[in-house]
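[1] Next comes the sequence, and after it the predicted model I'd like to discuss.
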Amino acid sequence: MEKRLPNKKFRELVSFLKEEKIYQDKNTRKINWAKYNLSQIEEAKETLVFIRDIVDECNYFPCKKVGRPLTDAKFLVKAILFSESQLLTERKAQGWLEILGPFLGIQEKLDDRVIGEAYNRPEVMYILKQLFEKVKKSDGILSGDGTGLETSRKQNYGEDKKSTKEFLTSIVDSREIVQAFDFSGEDECRAMHSLVEEVKGNSLRLDAGFVDRKLISKIAEMGITPYVYPKKGLKLNGRLAWKLMYLEFYIDVIKWLEEYHKRSHCESFHSSFKRIYGLIRKIREPCKLTQVTARIILHNRRRLSYFNKLADAS
């Protein structure tokens, strides 16, 4: 069987694609700053209404503790989402919530220490998990990748991958809506084995860092068409899903690449996510996870709102 497969020509094709530029550069779009500023104002209003309404729809079990009653977890979730949406520290959030708290449905005065400690409460994470499930509607065109999240301006993940331990692996759809993510710091390929079990879709695109025969078979067994970019030196021999995927690459490389390069939406998400929300400010691991989850919820809400408006306009 090995002699029948065009392994040599397949490897030559992969090498050619790495060495030759076969794509045309796109022109940068001009920004209408007047419309952009108005959209930012409208987005802030929509975010406040979203926080006010959607958190109240969630369920949770109040924590029973001897002593002083704990602040309602829903108030804390609203405070966290508001803080992350406006990129506020706990001290600044305390001041703004004295003004906007009643609008958000926060019936208590929250000081900065209460807001800071809220990131560490399991009831808060329980509610955030429900919110994430509510805002991850998918179009089935999936892409996955991993990226480092900086915790200091002195770190640059692109230049020194050992400079940061905060690593996010995610799967997004073609609208850049996050469908699943891993923030455990696990290797991105190992993390992807778990993430693919959490998503539903028609196809999934991954770069060469995810070349793994078991992973590709697992994706195919779930009814998802895999598009995993090959490395140099690969052989076509292997499991059926592996063989079919790379034979399609060999037979019609342009058509295959047109599908694969929809993966750019995942890279676009990571870029905008880090640009908009900035550094991970928390120190404790549960707090970091809470912060990242809240930011992803806000990101998904913003993308869903954008595409809902496009649908209404059409």
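    In hand now; what should we look at?
[2] Report the rounded mean pLDDT for the helix or strand Leu128 falls within.
    Assigned by DSSP states H and E, Leu128 belongs to helix 122-134. Helix 122-134 shows a mean pLDDT of 95.
[3] Alpha carbons of it, as PDB, please.
    The C-alpha trace of helix 122-134 is given here as PDB (Å, rounded to 0.1, in the frame of the first residue of the first chain):
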ATOM      1  CA  PRO A 122     -16.800  29.200  42.900                       C
ATOM      2  CA  GLU A 123     -20.400  30.500  42.700                       C
ATOM      3  CA  VAL A 124     -19.200  33.200  40.400                       C
ATOM      4  CA  MET A 125     -17.500  30.800  38.000                       C
ATOM      5  CA  TYR A 126     -20.600  28.600  38.100                       C
ATOM      6  CA  ILE A 127     -22.700  31.500  36.800                       C
ATOM      7  CA  LEU A 128     -20.100  32.500  34.200                       C
ATOM      8  CA  LYS A 129     -20.100  29.000  32.900                       C
ATOM      9  CA  GLN A 130     -23.800  29.300  32.200                       C
ATOM     10  CA  LEU A 131     -23.300  32.600  30.500                       C
ATOM     11  CA  PHE A 132     -20.700  31.200  28.200                       C
ATOM     12  CA  GLU A 133     -23.100  28.400  27.100                       C
ATOM     13  CA  LYS A 134     -25.700  31.100  26.300                       C
END
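[4] Each with direction, which strands does the helix or strand following that helix pair with?
    Downstream of helix 122-134, the next assigned helix or strand under DSSP H and E is strand 141-148. Paired strands of strand 141-148, with direction, are strand 167-173 (antiparallel), strand 203-206 (parallel) (DSSP bridges).
[5] tilt between the next helix-or-strand element following the first one and helix 122-134?
    Meaning strand 167-173. Downstream of strand 167-173, the first helix or strand assigned by DSSP H and E is strand 178-182. Here strand 178-182 points in a direction 140 degrees away from that of helix 122-134 (axes from the mean of the first three to the mean of the last three CA atoms, to 10 degrees).
[6] From the rest of the structure, what touches strand 178-182?
    By CB atoms under 8 Å, 6 or more residues apart in numbering, the list of residues contacting strand 178-182 from outside reads 136, 138, 142, 168-173, 191, 194-195, 198-199, 201, 269, 292, 296, 299-300. Heads up, the C-betas are built off the backbone N, CA and C, glycines and all.
[7] want to throw the strands paired with strand 141-148 into TSV with distance to Glu46 and mean pLDDT?
    Below are the strands paired with strand 141-148 laid out as TSV (distance: least, CB to CB, whole Å; pLDDT from 0 to 100):
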stretch	distance to Glu46	mean pLDDT
strand 167-173	21	96
strand 203-206	30	97
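[8] Relative to Lys262, which of these is closest?
    Across the strands paired with strand 141-148, Lys262 has its closest neighbour in strand 203-206 (5.9 Å, CB to CB).
[9] thinking again about what came up before, of all the strands paired with strand 141-148, which lies closest to Pro102?
    strand 167-173 (34.8 Å).
[10] For the closest one, output the C-alpha coordinates as PDB.
    Output in PDB follows, covering the C-alpha atoms of strand 167-173 (Å, rounded to 0.1, in the frame of the first residue of the first chain):
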ATOM      1  CA  PHE A 167      -1.600  29.800  27.500                       C
ATOM      2  CA  LEU A 168      -5.000  29.900  25.800                       C
ATOM      3  CA  THR A 169      -6.100  27.200  23.400                       C
ATOM      4  CA  SER A 170      -9.500  27.900  21.700                       C
ATOM      5  CA  ILE A 171     -11.900  26.800  19.000                       C
ATOM      6  CA  VAL A 172     -13.900  29.600  17.200                       C
ATOM      7  CA  ASP A 173     -16.300  29.600  14.300                       C
END
